[in-house]
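Asker: Sequence and predicted model, in that order:
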Amino acid sequence: MLLKSSETSDGLKGDVYAIVDQPMGALVTLLGTPTQWCETMLLHINNRKCTVASGPSGAEITLSVVRKYDQPVDKAFQLPFVFNLIDKTAQHLEVRLAANSGPLGTSNYRIVVEAVPADASHSFLHFSYSYEENFLAHTAMQAYLATFGRSKVGFTVIGQTPEGTPEYVGGTHGLVERNAMRYFLALDAHVNATKDPESARNAWFSGTEKYPRQLHEIDRATYLELKANDAQH
């Protein structure tokens with residue numbers, strides 16, 4: 001797996017490239033519809049509700065997102081993604097989700113997934129997550145990163161600490177890397193744990209706990225209880 005972050009003209013982008021343990025046929029089935037995408041994105045700790053409806057541009061996925069996992073769902077902001085299935089064949093899958101507006105001066109959210117066969121039982125997958133922000137949003141983010149988010153880091157190693165341990169990228173690059181990884185792990189959990197919703201939730205949590213320095217937020221029982229309660233509403 002390879003993860004990298006980059007700056008766009010007005011925002012940030014995170015990309016994950018990986019070999020996944022599923023054939024192309026499974027990915028096409030499990031990632032080729034809006035409903036499947038709702039199930040996938042609801043594994044993310046900050047996503048509390050997801051609905052699918054028909055819009056003027058086709059299928060729309062409306063995601064309810066809280067800034068911190070323990071906030072009630074009525075405090076969530078709405079991200080209405082247009083779902084666009086670009087290609088869905090045995091040799092290539094491409095899905096694009098686009099939300100033109102977001103909260104607090106953010107805009108142009110883009111999620112793109114492409115997959116091609118690696119061999120009979122594996123696929124090569126590229127996941128991309130990006131958004132833009134205006135001056136107000138950028139200023140607010142810098143204030144957060146200088147205070148509450150000061151200790152949070154991403155995955156890219158930029159050096160070594162005096163103790164000889166890896167020093168990871170922080171700031172906005174660390175932020176977009178963490179979120180890109182959370183969404184990629186949601187994809188991976190969804191396609192590999194198809195027995196029931198709880199098995200996918202357990203798989204997502206186990207995946208995040210492989211990277212506690214970057215992704216640990218709560219214990220497993222609290223996460224599973226939160227997601228089970230959301231599913232009942």
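Answerer: Looks like it arrived, so ask away. Numbers count the residues shown, from 1 in each chain.
Asker: secondary structure element for the residue nearest the centre of the chain?
Answerer: When the chain is reduced to its mean C-alpha position, the nearest residue by CA atoms, centre = their mean turns out to be Tyr183, at 2.1 Å. Taking DSSP states H and E as the definition, Tyr183 sits inside helix 171-192.
Asker: do Glu167 as well
Answerer: Counting by DSSP H and E, Glu167 is part of strand 166-168.
Asker: With Lys68 instead?
Answerer: Per DSSP H and E, Lys68 falls between elements, in no helix or strand.
Asker: number of nearby residues for it?
Answerer: Counted with other CB atoms under 10 Å, the burial measure for Lys68 works out to 10 neighbours. All C-beta spots, glycine's among them, are computed from the backbone N, C-alpha and C.
Asker: repeat for Gln36
Answerer: 16.
Asker: Sheet-wise, list the partners of the strand holding Glu167 with their directions.
Answerer: When pairing is defined by DSSP bridges, strand 166-168 lines up against strand 157-160 (antiparallel).
Asker: Would you mind pulling the contact partners of the partner strand?
Answerer: Under the contact criterion CB atoms under 8 Å, 6 or more residues apart in numbering, strand 157-160 has outside partners 166-169.
Asker: For stretch 180-188, what is the distance to the chain centroid?
Answerer: In this view, stretch 180-188 has its centroid 5 Å away from the chain centroid, taken as CA atoms, centre = their mean, to the nearest Å.
Asker: Tabulate the CA atom coordinates of it in PDB.
Answerer: What follows is the C-alpha trace of stretch 180-188 in PDB, where atoms were taken according to Å, rounded to 0.1, in the frame of the first residue of the first chain:
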ATOM      1  CA  ALA A 180      -8.000   9.300   3.100                       C
ATOM      2  CA  MET A 181      -6.800   6.200   5.100                       C
ATOM      3  CA  ARG A 182     -10.100   6.000   7.000                       C
ATOM      4  CA  TYR A 183     -12.100   5.900   3.800                       C
ATOM      5  CA  PHE A 184      -9.700   3.500   2.200                       C
ATOM      6  CA  LEU A 185     -10.000   1.200   5.200                       C
ATOM      7  CA  ALA A 186     -13.800   1.500   4.900                       C
ATOM      8  CA  LEU A 187     -13.600   0.300   1.300                       C
ATOM      9  CA  ASP A 188     -11.400  -2.600   2.300                       C
END
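Asker: as a whole number, average confidence for it?
Answerer: What stretch 180-188 shows for mean pLDDT is 95.
Asker: next one: stretch 96-115
Answerer: Taken as a whole, stretch 96-115 has a mean pLDDT of 91.
Asker: can you check stretch 155-171 too?
Answerer: On average, stretch 155-171 scores 91.
Asker: mind listing what's buried in it?
Answerer: Taking 16 or more other CB atoms under 10 Å as the neighbour-count basis, stretch 155-171 is seen to contain the buried residues 155-156, 168-171.
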